[in-house]
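Q: After the sequence you'll find the predicted model.
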Amino acid sequence: MNSGEFRRRGKEMVDFVADYLEGIERRQVYPDVEPGYLRPLIPTTAPEEPDTFEDILNDVEKIIMPGAASPACTELETVMMDWLGKMLKLPEAFLAGQVGEGGGVIQGSASEATLVALLAARTKVVRRLQAASPGLMQGAIMEKLVAYSSDQAHSSVERAGLIGGVKLKAIPSDGKFAMRASALQEALERDKAEGLIPFFVVATLGTTSCCSFDNLLEVGPICNKEDMWLHIDAAYAGSSFICPEFRHLLNGVEFADSFNFNPHKWMLVNFDCSAMWVKKRTDLIGAFKLDPLYLKHGHQDSGLITDYRHWQLPLGRRFRSLKMWFVFRMYGVKGLQAYIRKHVRLAHEFERLVHQDPRFEVCAEVTLGLVCFRLKGSNKLNEDLLERINRAKKIHLVPCHLRDKFVLRFAICARTVEFAHVQRAWEHIRQLATDLLRAEKD
């Protein structure tokens, strides 16, 4: 959608809202649809090719408005998460379907998803141990619980441990910055020997620092064998798994209890929209369910509805699935795949440019849209280069540490980015590097 069409469609939406408000007294206050009304009205999978804006807007009036407010909000979310799960080729256990035990929910961020998974896992293990030893106090269990993640995991994982009141231990990553089975097993054996209770593991697919991938096919079976909850954080990289050539990066998801990624990062959905799936919805509901009278409603005990307030931290929620529905239909699966492939291709073009300049080095394998690079030389040299880059305010780079190296990160993430932008950015970086090296020499 170009800017001209955006202006036109935006005005149409204002008219749509104004017409709704003018005619609101003619609409009934409480919907009369039955649970499950929406699923038969829309396809079971996302369209491969784009739909027209007119068709989507007509469907809002025809399909969404009869179930205005909660029914439509909940039911569209359930179906959209199934659409997205099928695009990712998730195992059937993660989909809601008609009567599935699993399902998806939209959280605000990957940080929330990790915290929700950790709290659910904590509740599950406490109840399991108390059932086995009825006299065991919750406090005695809590002080022994320990969770694990790679030393490359996002800081939000550590934060979840702090909020959840459990120990979180970082597993040393290998030469490709990935968590491997041997290092995790060693930590488990050591902690169990000390009387601790391992209960939760976060595996990262596409780490923030360098987009590395923990080895799910190794880590997953250990988690299942040790009865530990495995949560997968693929906040950035998860969008790429809709492309067949990148789906192998998700191999091993079948071992997980929960999986999360952010469509608001790389799937053209506006913030906030973080997609989370669980194999057993009862694990979340069991941790968060409270039912005061003022929150009760019809059908809630029928087993026919999903009550997302039991799947998350807040009680209130926005109609976030509506923007997913618009994006999936406006682009189609093929359009979304083309968008991701373009970014990956541009990242490899930038990598090629870096390799052509012998003053620079690429510091990690380029898999998706992130290139980690630096000037050959000291950390101080690269810190000075970054300072010059960001001070010039033509592009913005965020650094990271990979082992003992200070590294610059070039991320392809703008919707309208073209090779010309990448080329200009590289020429800008090279010129600043030349100026810096000349100043250093002088």
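A: Everything's here; your move.
Q: can you pull out the helices in the stretch 1-150 of the chain?
A: 3-22, 53-59, 70-87, 110-132, 138-142 (DSSP state H, counting those that start in this stretch).
Q: And the longest one, how far out from the chain middle?
A: The one in question is helix 110-132. Here the centre of helix 110-132 is set off from its chain's centre by 19 Å, with C-alpha atoms, centre = their mean, to the nearest Å.
Q: Would you mark the buried spots in that helix?
A: Neighbour counts over helix 110-132 (16 or more other C-beta atoms under 10 Å) mark 110-126, 129 as buried. From N, CA and C alone the C-beta is placed, and that goes for glycine too.
Q: Which strands or helices does it pack on?
A: Applying 3 or more C-beta pairs under 8 Å, 6 or more residues apart in numbering; DSSP states H and E, one finds that helix 110-132 makes contact with helix 138-142, strand 145-150, helix 155-164, strand 197-204, strand 229-233, strand 258-261, strand 274-278, helix 281-288.
Q: what about dumping the CA coordinates of that helix to PDB?
A: Extracted as PDB, the C-alpha positions of helix 110-132 are listed here (Å, rounded to 0.1, in the frame of the first residue of the first chain):
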ATOM      1  CA  ALA A 110       8.300 -12.000  24.300                       C
ATOM      2  CA  SER A 111       9.300 -10.900  27.800                       C
ATOM      3  CA  GLU A 112       5.700 -11.400  28.900                       C
ATOM      4  CA  ALA A 113       5.600 -14.800  27.200                       C
ATOM      5  CA  THR A 114       8.700 -16.000  28.900                       C
ATOM      6  CA  LEU A 115       7.400 -14.800  32.300                       C
ATOM      7  CA  VAL A 116       4.000 -16.500  31.800                       C
ATOM      8  CA  ALA A 117       5.700 -19.700  30.800                       C
ATOM      9  CA  LEU A 118       8.000 -19.600  33.800                       C
ATOM     10  CA  LEU A 119       5.200 -18.900  36.200                       C
ATOM     11  CA  ALA A 120       3.100 -21.700  34.700                       C
ATOM     12  CA  ALA A 121       6.000 -24.100  34.900                       C
ATOM     13  CA  ARG A 122       6.700 -23.100  38.500                       C
ATOM     14  CA  THR A 123       3.100 -23.700  39.500                       C
ATOM     15  CA  LYS A 124       3.100 -27.100  37.800                       C
ATOM     16  CA  VAL A 125       6.200 -28.400  39.400                       C
ATOM     17  CA  VAL A 126       5.200 -27.200  42.900                       C
ATOM     18  CA  ARG A 127       1.800 -28.900  42.700                       C
ATOM     19  CA  ARG A 128       3.400 -32.100  41.300                       C
ATOM     20  CA  LEU A 129       5.900 -32.300  44.200                       C
ATOM     21  CA  GLN A 130       3.300 -31.400  46.800                       C
ATOM     22  CA  ALA A 131       1.100 -34.200  45.400                       C
ATOM     23  CA  ALA A 132       3.900 -36.600  45.800                       C
END
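Q: tilt between that helix and strand 197-204?
A: Here helix 110-132 runs at an angle of 160 degrees relative to strand 197-204 (axes from the mean of the first three to the mean of the last three C-alpha atoms, to 10 degrees).
Q: Are there helices or strands packed against the lowest-mean-pLDDT helix or strand in the chain, and which ones?
A: Among the helical and strand segments of the chain, the one scoring lowest on mean pLDDT, DSSP states H and E is helix 281-288, with a mean of 82. Using 3+ C-beta pairs under 8 Å, 6+ apart as the contact test, the elements touching helix 281-288 are helix 110-132.
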